[in-house]
Structures are given as C-alpha cells and as structure tokens.
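*Asks:* quick check, what structure comes out for this input:
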Amino acid sequence: MAGRIEDYALIGDMQTAALVCRDGTVDWLCLPRFDSHAIFAGLLGTEEHGFWRLGPAHAADAKPPTAARRGYRGDSLILESEWDTPRGTVRVTDFMPPRDGAPQLIRIVEGVTGRVPMRSALRMRFSYGRVVPWVHKHEGRTVAVAGPDSVWFDTEAETYGKALTTYADFTVAPGDRIAFTISWQPSHKQPPPLPEPETSLEATEDFWREWVEHCTYHGPYREAVIRSLITLKALTYAPTGGIVAAPTTSLPEDIGGVRNWDYRYTWLRDAAITLSSLLRTGYREEARAWREWLLRAVAGDPENLQIMYGIAGERELGEAELDWLPGYEKSAPVRVGNGAAHQLQLDVYGEVTEALHLGHMTGLARNDYASLLQLKLIRYLEDHWQEPDEGIWEVRGPRRHFVHSKVMAWVAVDRTIKLIESGDADGPLERWKELRDDIHRDVCEKGYDKERNTFTQSYGSQELDASLLLIPQMGFLPPDDKRVIGTIEAIQRELSTPDGFILRYPTEGDREGVDGLPGDEGAFLACSFWMADDLAMIGRVDEARKLFEKLLSLRNDLGLLAEEWDPRLKRQVGNFPQAFSHVPLIDTALRLTASGAYGG
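*Replies:* Prediction:
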C-alpha cells in the first residue's frame with residue numbers, strides 16, 4: 001500500500017519527477033517526461049504496478065522500516081534519508097541530475113555507523129504498471145525493454161532476479177558508498193553512457209546552489225519561499241519552459257472518491273500565476289521561457305485559447321481511464337489526459353494578460369508578438385465576455401455566468417488599456433475603456449447580493465465561491481470597499497472549515513453538486529492563502545499572519561504541499577506537490593513581509 005501523500009519527497013530533473021516515500025520506495029516515476037507513461041505506478045495501485053525500494057533489509061512479512069530522519073541537502077532537490085537500525089546507521093541520497101541526455105535516477109547508499117544489511121528491490125512495469133518488460137543482461141548491465149522504451153540499471157552491487165524483480169543484497173560499513181542508477185533510453189538506440197554518480201551529485205548540488213542565489217527575497221519566511229521556488233522550478237519542463245500543475249495524476253481530492261484528475265499538463269492559469277511569483281522573486285529567465293512557450297502554444301489560433309496544453313504545447317489531451325489500476329487508496333477511476341482541456345474558461349484570458357502585463361512592468365524584454373497576442377485576446381473577449389463558461393474550477397456541470405470569470409475578463413481589458421497607454425501597443429483605447437466599464441457594471445449589478453452584502457459564485461446564485469477573494473487582489477475593487485469586506489466575511493462564515501481553512505465552494509456529499517460531481521473535497525490550500533492575503537489587505541494583519549503560519553504548518557517535513565487539506569482526516573489530498581498551492585504561499589509571504597505582519 002502506498003504511503004500517505006505527505007509521506008513523499010519530490011526529486012526531479014526539470015523534465016520529469018519521482019516521488020520517494022519515507023521507507024525509501026520510489027512509487028511514482030514517468031520517463032522520459034512528466035506526461036510519459038509511468039514505469040513505477042505503485043502510488044496508484046500495488047507493488048505489482050512497479051516500485052523501487054532501497055533501504056535496510058527486513059523480514060519478508062514485515063513492513064519496511066521508515067527513515068528516522070530525512071531532508072533536502074541545503075537549498076537543493078537532493079534528498080537525504082537516514083535509518084537507525086540495531087546494527088548501525090545508513091544514509092541514502094536520492095536525486096535526478098539536470099540532464100543533457102538520458103534521464104537518470106541515482107541513489108547512493110552510504111554507511112554511517114556499524115554494519116547495516118541493505119536491500120534494493122527494483123520492479124519495473126511499463127505503461128502504468130500494465131506491461132512486464134523483458135529484463136536481461138547486456139555487457140554486464142541490466143536492461144529492461146518493452147516496445148519503444150528501455151531502462152538501464154547500473155550498480156556495483158551484485159544483483160539477481162526473483163519473481164520478476166531485480167534484487168541486490170549487500171552490507172555497508174562506515175565510509176562505504178554504493179551507487180544505483182536507472183537511465184531511460186529509446187529502445188532502438190545505443191545504450192546510454194555509463195553513469196558517473198559522484199560527479200553527477202556534485203554537479204546537481206552546484207546547479208541548485210547557483211539557481212537559488214538568484215532569489216531576491218530575504219524576508220522572515222525565506223525557508224518556505226525558497227522551498228516553494230525550488231518546487232516550482234522542478235515542475236518546469238526545461239526544454240520548452242512549460243510548467244506542469246503537478247507531476248502526478250489521480251491523487252484524489254476525496255479519498256475513495258471519483259475526483260481524480262491528471263495534472264501533468266500546463267494550465268495557463270497555473271503557469272501564469274507561477275510566472276508572477278518567479279518574476280517577483282528575481283527569476284526572469286524562467287518567466288521569459290514561459291512567455292516563449294505561451295506564444296508557441298497559442299500560435300496560429302489565439303482566439304481559440306485552450307485552458308491547458310501539453311508541456312511542449314500539444315493541444316490534444318484526450319482523457320482515458322486506466323481500469324487495471326485500483327487507484328490511490330481505492331480512489332477510482334485513475335485518469336490520464338484531461339477532458340477539461342477544451343472547456344471555455346474566460347478567466348484564463350485575464351490570467352494570461354496579467355502575466356504578460358507583469359512581465360512588461362518588471363522589465364522583461366519587449367516581445368512584439370506578445371503585445372499582438374494580448375490585443376487579439378481582447379478582441380475575442382469583446383465578443384464573448386457575456387457568455388457563460390465552466391469557470392476557474394472546471395465544473396463538469398452546466399455553464400454559468402461565473403463572477404470570477406467576468407472579473408478576470410475585466411482584468412484582461414484593464415491591463416491591455418495600460419499597455420496601450422504606455423505606448424507599447426495600439427488599439428481602440430476609448431472603445432475598450434467603455435468595455436472595461438461595461439464589464440465592471442455588469443458584475444456589480446448581477447453578481448452582487450445586496451441583502452447579504454457579498455458577491456456570489458455566479459449571476460443569480462446564492463452560492464459563495466473562494467475565487468471571489470481575488471477581487472481586491474486584481475484591483476477590481478479597492479480592499480476597503482464594503483462589498484469586498486462583506487464578501488471576505490461571508491466566505492469566512494460559509495466556506496471555512498472548523499480550523500479556519502477555506503473550501504472552494506459548497507459540495508453536496510453523495511448528491512451531485514454545482515460542479516457536476518458527487519462527493520466532497522478538502523480545504524483548497526490556494527484559497528486559504530488568498531484569504532490570508534485579503535485579511536492583510538483589509539488591515540487584519542495579525543489574523544492574516546496567524547492563518548498563514550497555520551497553513552505553513554500543513555506542509556510535510558520537506559516543505560511540500562498537495563492541492564488540498566482534508567480537515568476530517570487531517571491529511572493532504574490531491575495531486576502532489578501542487579504548483580497552485582506553492583505559488584500563493586510565495587505571494588502571501590511577500591505581502592506579509594511588505595506589511596511587517598510577521599512574528600519575531
């Protein structure tokens with residue numbers, strides 16, 4: 001059985017990523033890209049679906065021991081785990097070197113004290129656990145082949161095969177260092193080069209040290225901000241600049257339920273807000289790369305903007321169910337692809353325009369096509385902003401006039417007006433000023449409940465929605481507007497969990513809710529950070545700081561967050577780690593630092 005979601009560590013090479021459990025098991029790894037088929041899919045099934053465990057030897061009928069200590073080496077993505085056993089202490093270092101060629105996962109076992117018996121158990125299963133590869137020796141190396149894929153396993157330790165698994169049993173004493181490496185290569189090509197684990201370890205540490213040095217944030221929450229920035233960097237597909245929402249699929253929002261989605265794609269919304277955080281902390285190169293990715297992804301057809309694309313800009317992300325996988329803690333179905341790709345979500349136009357605007361304001365080198373794209377997006381919105389859509393939360397129910405979507409349409413027009421006024425673009429300025437006023441008036445008349453003094457989820461509804469917390473942050477209304485304060489207080493009353501975290505919107509348990517799905521979900525962490533932001537903006541800074549620090553306490557021991565927090569089970573749920581959680585963490589830290597609202 002897979003560990004709790006928060007029991008996992010992330011390692012990656014900025015092209016794919018692996019999740020490593022506290023007991024030394026790699027339960028998730030897709031090769032060669034984030035969105036490739038998994039060779040270890042035990043996270044969504046059982047050990048029969050692929051895993052790689054490396055740790056102290058234990059009895060066959062006993063549970064693998066968990067590490068007594070673990071942490072990243074400094075400000076890096078190099079994981080170090082230590083076990084204390086009756087025979088001594090051992091350390092395992094796990095990492096994936098940033099690559100030019102074959103992707104590699106390297107694991108180095110180091111004896112610390114005593115003599116510790118160790119075991120490596122490697123069970124590769126291609127195509128999300130469905131295909132057992134042909135495993136054989138080739139010039140002293142172990143290779144697993146199935147169809148277009150091959151994975152090469154290299155180690156100095158003696159290996160043997162048993163029950164379709166490759167084992168190595170060995171003992172380490174102080175000073176011993178034994179390395180294990182798997183490398184992926186297309187099966188029709190020559191073998192990948194022999195790995196150089198120690199050299200790769202040094203190069204990986206140097207890479208992360210140099211990257212972190214560019215961070216311009218030096219406030220009181222630096223540790224949390226740096227770890228979140230490293231996580232966002234790890235979720236960036238280096239060859240193209242695309243940013244995945246998370247490196248996993250189908251980790252449930254509701255344990256045992258059907259709210260299981262594939263997040264290994266680039267949502268324009270998530271990527272745009274990620275770009276914002278990177279720009280505000282000094283990472284212009286990543287921002288420039290994302291802007292170039294965006295221009296390529298939407299080239300030729302910007303009016304038909306998708307809400308998400310593949311990491312290289314692919315448009316077709318057809319959704320399918322993998323019925324041979326039982327799902328994480330029996331949360332089925334397991335889905336790959338994402339059928340929401342072709343939904344209409346008008347807010348995306350606002351997020352993209354806001355990101356382009358921020359790049360322009362922070363001195364990102366001018367790109368004429370980016371300005372042209374912005375103008376084309378507004379011309380589309382001019383004709384379509386009054387249509388209902390699926391909204392920020394990608395509801396699978398009927399389209400509605402979501403208030404957040406209209407607000408973000410206003411943002412798109414407003415930021416484009418500012419671009420024209422700066423002299424960096426030409427457009428019908430007066431006409432678009434009228435459009436901006438029309439959208440604003442429409443939202444305030446149709447999306448606001450005067451009796452309750454709150455904006456609502458959609459026109460004519462009584463429901464609330466945490467996305468309304470973005471109204472003051474986007475500048476749609478000032479923080480001291482009574483309608484803004486009323487909305488914040490209404491969301492606190494109606495969408496808060498007992499411990500003060502924020503739900504996205506009401507769900508209906510076994511009945512189908514506003515999102516067209518049965519079941520409930522946890523508190524949405526991004527929304528909870530938005531609440532902390534809003535509280536700070538309206539002057540309730542002490543309350544904002546307390547909520548923020550409570551949110552920080554939900555991170556696992558490595559500083560990582562999933563999408564949601566289940567207040568009943570007291571555990572993280574949803575895909576992991578989640579960019580949409582780490583970005584607002586950074587934003588709130590910056591806001592609280594600027595306001596001086598932090599503890600000693």
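*Asks:* next, the contact list for residue 97, please.
*Replies:* By C-beta atoms under 8 Å, 6 or more residues apart in numbering, the contact set of residue 97 is 13, 104, 106, 200, 201, 203, 204. The way it works is simple: take the backbone N, C-alpha and C, and place the C-beta from them, glycine included.
*Asks:* tell me the secondary structure at it.
*Replies:* coil (DSSP: H, G, I helix; E, B strand; the rest coil).
*Asks:* can you pull the buried residues of stretch 301-321?
*Replies:* 302, 305, 306, 307, 308, 309, 310, 311, 312, 313, 314, 317 (16 or more other C-beta atoms under 10 Å).
*Asks:* so how far does it reach from one end to the other?
*Replies:* With C-alpha to C-alpha, to the nearest Å as the measure, the ends of stretch 301-321 fall 29 Å from one another.
*Asks:* give the rounded mean pLDDT of it.
*Replies:* Mean per-residue pLDDT for stretch 301-321: 88.
*Asks:* gap between that stretch and the chain center?
*Replies:* For stretch 301-321, the gap between its own C-alpha mean and the chain's C-alpha mean amounts to 17 Å (C-alpha atoms, centre = their mean, to the nearest Å).
*Asks:* ditto for stretch 313-323
*Replies:* Taking C-alpha atoms, centre = their mean, one finds the center of stretch 313-323 at 18 Å from the center of the full chain.
*Asks:* one more: stretch 89-106?
*Replies:* Using C-alpha atoms, centre = their mean, the offset of stretch 89-106 from its chain centre is 21 Å.
*Asks:* thinking again about what came up before, for the buried residues of stretch 301-321, work out which two are farthest apart.
*Replies:* Greatest spatial distance among the buried residues of stretch 301-321 (C-beta to C-beta): 302 and 311, at 19.3 Å.
*Asks:* which ChimeraX command selects the buried ones in the contacts of residue 97?
*Replies:* Selection of buried members from the contacts of residue 97 for ChimeraX, criterion 16+ other C-beta under 10 Å:
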select :13,104,106,200,201,204
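*Asks:* need the three-state assignment for the nearest residue to residue 137 once chain neighbours are set aside.
*Replies:* Nearest non-adjacent residue to residue 137, counting by C-beta to C-beta, 6 or more residues apart in numbering: residue 143, 7.5 Å away. Under the three-state scheme (three-state DSSP), residue 143 adopts strand.
*Asks:* pull the contacting residues for residue 143.
*Replies:* Applying C-beta under 8 Å, 6+ apart, the residues near residue 143 are 135, 136, 137, 150, 151, 152, 153, 191.
*Asks:* closest to residue 540 out of the buried residues of stretch 301-321?
*Replies:* residue 307 (33.3 Å).
*Asks:* how much space separates that closest one from residue 374?
*Replies:* 17 Å (C-beta to C-beta, to the nearest Å).
*Asks:* before we move on, what about residue 239?
*Replies:* If you go by C-beta to C-beta, the gap between residue 239 and residue 374 works out to 25 Å.
*Asks:* the two: which is more packed in?
*Replies:* Higher neighbour count among residue 239 and residue 374: residue 374, with 25 against 13, using other C-beta atoms under 10 Å.
*Asks:* which residues are in contact with residue 561?
*Replies:* Going by C-beta under 8 Å, 6+ apart, the list of residues near residue 561 reads 525, 554, 555, 572, 576, 577, 578, 581, 582, 585.
*Asks:* could you do residue 161 as well?
*Replies:* Neighbours of residue 161 in contact, by C-beta under 8 Å, 6+ apart: 135, 167.
*Asks:* looking at this, it is in a strand?
*Replies:* Yes: under three-state DSSP, residue 161 falls within a strand.
*Asks:* and it, what are its bridge partners?
*Replies:* According to DSSP bridges, the partner residues bridging residue 161 are residue 166.
*Asks:* before we move on, what SS does the residue nearest to residue 276 when sequence neighbours are not counted have?
*Replies:* With sequence-adjacent residues excluded and distances taken as C-beta to C-beta, 6+ apart, residue 276 is closest to residue 358, at 5.4 Å. Of the three states, residue 358 takes helix under three-state DSSP.
*Asks:* repeat for residue 109
*Replies:* Following three-state DSSP, we place residue 109 in the strand state.
*Asks:* what count of nearby residues applies to it?
*Replies:* Residues near residue 109, counting by other C-beta under 10 Å: 24.
*Asks:* OK, contacts around the closest residue to residue 139 other than its chain neighbours?
*Replies:* Once flanking residues are discounted, residue 139 sits nearest to residue 191: 7.6 Å by C-beta to C-beta, 6+ apart. By C-beta under 8 Å, 6+ apart, the contact set of residue 191 is 138, 139, 141, 143, 152, 185.
*Asks:* whichever of those residues end up buried, select them in ChimeraX.
*Replies:* ChimeraX command restricting the contacts of residue 191 to the buried ones, with burial defined by 16+ other C-beta under 10 Å:
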select :143,152,185
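*Asks:* dump the contacts of residue 191 to TSV, plus pLDDT and distance to residue 441.
*Replies:* Output for those, formatted as TSV (pLDDT from 0 to 100; distance: C-beta to C-beta, whole Å):
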residue	pLDDT	distance to residue 441
138	94	70
139	91	73
141	94	69
143	97	66
152	98	63
185	96	60
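*Asks:* and which of the contacts of residue 191 is nearest to residue 35?
*Replies:* For these, the nearest to residue 35 is residue 185 (18.4 Å; C-beta to C-beta).
*Asks:* touching, residue 146 and residue 134? I think so.
*Replies:* Yes: using C-beta atoms under 8 Å, residue 146 makes contact with residue 134 at a distance of 6.7 Å.
*Asks:* neighbour count winner among these two?
*Replies:* Neighbours per residue, other C-beta under 10 Å: of residue 146 and residue 134, the larger number sits with residue 146, 20 against 11.
*Asks:* any idea how far that one is from residue 103?
*Replies:* In terms of C-beta to C-beta, residue 146 sits 17 Å off from residue 103.
*Asks:* and what of residue 253?
*Replies:* With distances taken as C-beta to C-beta, residue 253 is found 29 Å from residue 103.
*Asks:* three-state assignment of the closest residue to residue 170 other than its chain neighbours?
*Replies:* In this structure, residue 170 finds its nearest non-sequential neighbour in residue 157, 4.7 Å apart by C-beta to C-beta, 6+ apart. Following three-state DSSP, residue 157 is assigned to coil.
*Asks:* circling back to that earlier point, quick one: buried ones out of the contacts of residue 143?
*Replies:* Buried among those by 16+ other C-beta under 10 Å: 135, 150, 151, 152, 153.
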